[in-house]
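**Q** Sequence plus predicted model, see below.
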Amino acid sequence: MALPNRTGGRFNPRFNRQPEPEHRINEKIRVPQVRLVGENVTVGIYPTQEALRIAQDQEMDLVEISPNADPPVCKVIDYKKFLYEKKRKEKEMKANAKQSEVKEIRFTPGTDDHDFDFKAKHAEKFLKDGNKVKAYVQFKGRAIMFQDRGQLLLLKFAERLADVGVLEGLPKMEGKRMLVMFAPKGSKKAATAK
């Protein structure tokens, strides 16, 4: 059996698409007039061609920074330098934003006091480190009949973590698990959960 000829098929734009630039620049700005801003520029409304000439005279780019304004706002800047600075700032912000994780603590309906204390200490440490904690009671086989024990255990756990964490809702069943979520106390997400 011969393979179909793939070169004679229809044009698929997904494979030949150039990435869209983030801003319209220079000749790509196709409006009759713009509000011009930037260094060494008299701020005001100019015909687009004149604004483009002003940018070229300064060996800079005309960049549309606010396309929805009336008329659109354009700035005379070095576009490559502008993109570099923007990427650098985004990278800095990403580095400064601590990624929080969701740590899981697992119980069974018959968890004894020693295990409970051990797991509570771990949960306290996770919350102090700024992570969320997902605590759940796993029911196996006939243990599903002891849902009330699971609920009491999770509420006792919530009481124990009250100093360092905020309960994000009452215990709820998901399949054969009863679970609750805790957010670290003092985080923005925890404040909105109250």
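**A** Cool, the structure landed.

**Q** list the helices and strands the longest helix anywhere in the chain packs on?
**A** Criterion DSSP state H: the longest helix present in the chain is helix 79-96. Contact analysis of helix 79-96 by 3 or more CB pairs under 8 Å, 6 or more residues apart in numbering; DSSP states H and E lists strand 61-66 as its packing neighbours. The way it works is simple: take the backbone N, C-alpha and C, and place the C-beta from them, glycine included.

**Q** Just want the angle from the strand it packs on to helix 79-96.
**A** Orientation of strand 61-66 against helix 79-96 (axes from the mean of the first three to the mean of the last three CA atoms, to 10 degrees) gives an angle of 50 degrees.

**Q** what's the following helix or strand after strand 61-66?
**A** For strand 61-66, the following helix or strand on the C-terminal side (DSSP states H and E) is strand 73-77.

**Q** quick one: Glu27 and Leu52 touch, right?
**A** Yes - using CB atoms under 8 Å, Glu27 is in contact with Leu52, at 7.4 Å.

**Q** Please say which of those two ends up with more neighbours.
**A** More crowded of Glu27 and Leu52, by other CB atoms under 10 Å: Leu52, with 21 against 10.
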